[in-house]
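Visitor: Structure for this input, please:
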Amino acid sequence: MTKGRLVWIGLGVFTFFLRWSLNNRPQWIEDYYSRGLFQFIRPVIDYTLGWFPFPWIYVCIAFLLAYAAFSIRRIWRVYPQWKTGLWHTIWFVAAWMAGILVLFMWMWGFNYGRIPVERQLGLELRQPVYKDIKQALEEETSDLIALRARIPGASQNALDLHLTKVELENLLRILLTRVLEQHGYPVSGRMRVFTLYPKGIFLRFSSAGLYFPLTGQGQIDAGLHTLQWPHTMAHEMAHGYGIAEEGACNFWGYVACRQSTDPAIAYMGRLSYWRSLAIYFKIKEPDAYALFRAGLPPGMIADLEAINKNLLAYPDIAPKIRDHTYDAYLKSQGLHDGMANYDKDILMVEAWKKKNQNAYQ
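Guide: Predicted coordinates:
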């Protein structure tokens with residue numbers, strides 16, 4: 001039993017130092033892991049666990065916790081003396097955590113060290129000045145108004161999905177894998193995204209979804225408004241296909257939804273990006289933003305209000321603790337901008353639009 005723990009701890013230490021030693025060698029991770037080993041891991045997950053109609057995250061977490069509880073209980077039965085029992089418990093917990101680290105890193109986590117998307121696509125990122133963001137917002141607004149007008153049966157009421165969850169998942173998988181391949185990324189497997197209950201499990205932490213590396217599946221909050229499903233699902237799918245950066249996943253979600261010939265999916269997917277741009281306008285010029293928003297078409301206003309009303313139904317739990325914890329996690333994985341990485345999609349989208357302005361009109 002002790003030898004087994006030492007093996008897991010040793011593997012954990014080896015994995016940690018391997019990742020650390022590759023910090024300045026993203027090309028190695030790109031070639032040998034992201035475009036190599038991971039391309040074999042992805043289909044193994046998708047053509048086993050992916051065939052089941054439920055998310056395996058429930059089973060995985062229950063198993064890990066049950067195994068830990070059973071093992072610790074067994075330790076104290078075998079070693080009732082508190083010093084000996086505590087010592088063996090510490091060893092077990094160290095091995096348990098090392099095992100999770102090993103699985104996390106080898107099943108997906110090494111993707112954090114790959115070559116950034118903007119470098120692979122040749123995008124020139126520059127911090128936009130306020131007028132650039134405002135111009136981008138105006139352009140997106142014009143496109144969204146035109147898209148919504150093309151949606152069959154759209155009224156002045158908030159929109160809802162006209163596809164089932166499985167139909168949307170299949171459509172987004174086609175869209176995302178297509179744009180990834182067009183931009184030179186290998187795609188293997190059949191990435192799945194499930195809705196996770198109870199409602200608010202992510203929303204109460206200012207999140208909408210989660211990619212869980214130990215099962216290789218994405219999850220979105222069951223309480224999320226369906227207007228937000230297309231972009232959120234595409235975001236989690238991008239994680240599943242080996243994109244680790246949050247901003248990059250937002251970027252790929254935008255590009256994938258933008259390519260849809262279904263105006264409803266294109267509209268819903270791009271509405272998420274519009275809201276990111278609008279935040280800057282609202283902060284910089286709150287009065288001007290209020291007038292701008294009031295001048296939007298009634299249907300678009302109804303969509304925005306429906307999203308906001310739904311989000312308000314799930315107030316944040318310990319937001320400061322959440323922000324500090326997740327910021328520290330992202331930085332530990334090499335994303336030095338931490339949670340600010342989420343906003344990187346604005347720089348990427350605008351650089352991508354500039355580079356492809358003729359091809360994607």
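
Visitor: residue closest to the middle of the chain?
Guide: By CA atoms, centre = their mean, the mean C-alpha position of the chain lies nearest to Glu236, the distance being 4.2 Å.

Visitor: What is the three-state secondary structure of it?
Guide: helix (DSSP: H, G, I helix; E, B strand; the rest coil).

Visitor: Let me know the pLDDT of it.
Guide: pLDDT for Glu236: 98.

Visitor: What count of nearby residues applies to the residue lying closest to it once chain neighbours are set aside?
Guide: What sits nearest to Glu236 in space, not counting adjacent residues and going by CB to CB, 6 or more residues apart in numbering, is Gly218, at 3.0 Å. Backbone N, C-alpha and C define where each C-beta goes, glycine included. A count of neighbours around Gly218, defined by other CB atoms under 10 Å, yields 26.

Visitor: Just confirm Gly218 is within a helix.
Guide: No: looking at Gly218 with three-state DSSP, it is strand, so not inside a helix.

Visitor: Who does it form a beta bridge with?
Guide: Gly218 has these beta-bridge partners by DSSP bridges: Val193, Tyr211.

Visitor: tell me the contacts of it?
Guide: Contacts for Gly218 (CB atoms under 8 Å, 6 or more residues apart in numbering) come out as 191-194, 209-212, 233, 236-237, 239-240.

Visitor: how about a cut-off of 6 Å?
Guide: 193, 211, 236, 240 (CB atoms under 6 Å, 6 or more residues apart in numbering).

Visitor: what secondary structure does the closest residue to Gly240 other than its chain neighbours sit in?
Guide: Spatial nearest neighbour of Gly240, excluding adjacent residues (CB to CB, 6+ apart): Met191 at 3.9 Å. With three-state DSSP as the basis, the three-state label of Met191 is coil.

Visitor: Pretty sure Met191 sits against Gly242.
Guide: No: taking contacts as CB atoms under 6 Å, Met191 lies outside contact range of Gly242: 10.0 Å.

Visitor: More neighbours: which of these two?
Guide: Neighbour totals were compared for Met191 and Gly242, and Met191 leads with 27 against 23 (other CB under 10 Å).

Visitor: So what does that one have for phi and psi?
Guide: Main-chain dihedrals, Met191, degrees, to the nearest 10: phi -60, psi 140.

Visitor: re the thing from before, narrow the contacts of Gly218 to just the buried residues.
Guide: With burial judged by 16 or more other CB atoms under 10 Å, the buried subset of the contacts of Gly218 is 193, 211, 236, 240.

Visitor: So of those, which two are at opposite extremes in space?
Guide: Among these, the pair separated by the greatest distance (CB to CB) is Val193 and Tyr211, at 8.8 Å.

Visitor: what do the two both touch?
Guide: Common neighbours of Val193 and Tyr211 (CB under 6 Å, 6+ apart) are 218, 236.

Visitor: can you list the domains in the protein?
Guide: Under the assignment automatic domain parsing, the domains of the chain span 2-113, 120-355.

Visitor: which one of the ones you listed has the lowest average pLDDT?
Guide: domain 120-355 (a mean of 89).

Visitor: now the helices for the stretch 201-350 of the chain?
Guide: 229-240, 246-258, 263-284, 286-294, 298-312, 319-332, 344-355 (DSSP state H, counting those that start in this stretch).

Visitor: what do you get for the stretch 1-150 of the chain?
Guide: 2-21, 26-28, 38-46, 57-78, 82-107, 117-121, 130-149.

Visitor: which residues are contacting the shortest one?
Guide: The set of residues that contact helix 26-28 without belonging to it, under CB under 6 Å, 6+ apart, is 22, 113-115.

Visitor: Relative to Leu64, which of these is nearest.
Guide: Gly113 (25.1 Å).

Visitor: To what extent is that closest one buried, counted in neighbours?
Guide: With other CB under 10 Å as criterion, Gly113 counts 22.

Visitor: number of nearby residues for the residue nearest to it when sequence neighbours are not counted?
Guide: Nearest residue to Gly113 in three dimensions, chain neighbours excluded: Ile29, at 4.4 Å (CB to CB, 6+ apart). Ile29 has 21 neighbours, counted by other CB under 10 Å.

Visitor: for the one 4 residues further on, same thing?
Guide: Counted with other CB under 10 Å, the burial measure for Tyr33 works out to 22 neighbours.

Visitor: okay but it is in contact with Phe110, surely?
Guide: Yes: assessed by CB under 6 Å, Tyr33 is found in contact with Phe110 at 4.5 Å.

Visitor: Name the residue most distant from the centre of this protein?
Guide: Gln81 (45.7 Å).

Visitor: What separation is there between that one and Trp87?
Guide: Distance from Gln81 to Trp87, counting by CB to CB, to the nearest Å: 10 Å.

Visitor: before we move on, what about Arg148?
Guide: Distance from Arg148 to Trp87, by CB to CB: 64 Å.

Visitor: Look at the two and report which has more neighbours.
Guide: Arg148 (20 against 13).

Visitor: unless I'm mixing things up, the more buried one is touching Tyr267, no?
Guide: Yes: at 5.3 Å, Arg148 and Tyr267 qualify as touching, with contact defined as CB under 6 Å.
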